[in-house]
Each structure stands twice: as C-alpha cells, then as structure tokens.
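A.B. asks: Sequence and computational prediction follow.
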Amino acid sequence: MYKHINALLVPNSGLVGVYNTEEDFLAGLPPLRTFRIYTNPTSDVNLTNALQLELINMGDAEPAPEVPAVVSRFQARAALYKMGLLGVVSDAIRTAGVMAQLAWEDVQEFRRDSPTVAALAASLHLTDTQVDDLFILAGSLKV
C-alpha cells in the first residue's frame, strides 16, 4: 500500500506515470507503473465515475505498438464491441444517412486515415489517441 504516490499526467496522451519519488521523475527515470485513462464519451455519469484505469507494467517497457493503417471488418467491429462502443456506433450510423449505412454494412476493411472514420470519431467525441487505441486493439484481434 502506498503512503504517498508521485504521479504525472502526460499532456494529451491519456497516460499517468507513477514514480517512487519526485526526484526519480526529475532525473528522467522511467515510471514504476503507467496507467492509461479512458473515458466513455457517451456516458451520462460524471467523469470520476466514468474513468477506467488500465494498468500497464512499464518495468520492461516495449515500444508503443504501431497503429495499423487498415483493419478488417471483423477486427474493427470486435474492437468496438470490446470497448463498449459497438451499439453506440451502430446507432450513429443509423442516423448518418444512406451512404454511411451502405458503407457500414458492406465495407470489408476500415482505414485509419479514412475521412468517414474521422467524421464518426468526431461525432462520438473520440480523440485521435482513442481512435488509435481502437485500431491497435483491432489489429491485435485474430480469428
């Protein structure tokens, strides 16, 4: 149990680093643990209750995973499901118009640089980091 935790929120990253001491941070030492903070953009609960922490052990830090440029239809939908966003996205598509509905029903792959992906993410108030995380998760899913 910690008596005192030294933590640093890395701006615009969604990451919080936990250090033994402030001196460790100032010396540029790696954090003991890193937490990624997610919020549910569709939640109507307050932000404190909507935070979900994912513990990432940074002891043997690996390079950040590469964001896939393309994921399959299954991978994209499975990642949305795992993050609790599949129903929200499906609802958004139903109100987005016929072309969006046709694309959602027939697309075989999702491209990270797609204007449609960017527009949908903006309508759901997802950050670029959150979309990247979805693509990384999707890319890791194999059938």
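C.D. replies: That came in fine, so what should we check first?

A.B. asks: and Ala138, what is it in contact with?
C.D. replies: Pro68, Val71, Ser72, Gln75, Ala76, Ala78, Ala79, Phe110 (Cβ atoms under 8 Å, 6 or more residues apart in numbering). (Each C-beta comes from the backbone N, C-alpha and C, glycine too.)

A.B. asks: one more time with 6 Å
C.D. replies: Val71, Gln75, Ala76, Ala79 (Cβ atoms under 6 Å, 6 or more residues apart in numbering).

A.B. asks: Does it lie in a helix or a strand, and which?
C.D. replies: helix 128-140 (DSSP states H and E).

A.B. asks: Show me which positions of that helix end up buried.
C.D. replies: Gln130, Val131, Asp132, Asp133, Leu134, Phe135, Ile136, Leu137, Ala138, Gly139 (16 or more other Cβ atoms under 10 Å).

A.B. asks: Would you tell me which one of the residues you listed comes nearest to Gly87?
C.D. replies: Leu134 (14.8 Å; Cβ to Cβ).

A.B. asks: Show the pLDDT at that closest one.
C.D. replies: Leu134 is assigned a pLDDT of 93 by the prediction.

A.B. asks: can I assume it is in contact with Ala78?
C.D. replies: No: here Leu134 lies out of contact with Ala78, judged by Cβ atoms under 6 Å, at a distance of 10.5 Å.

A.B. asks: Quick check: closest non-adjacent residue to Leu80.
C.D. replies: Closest residue to Leu80 apart from its sequence neighbours, by Cβ to Cβ, 6 or more residues apart in numbering: Leu86 at 4.2 Å.
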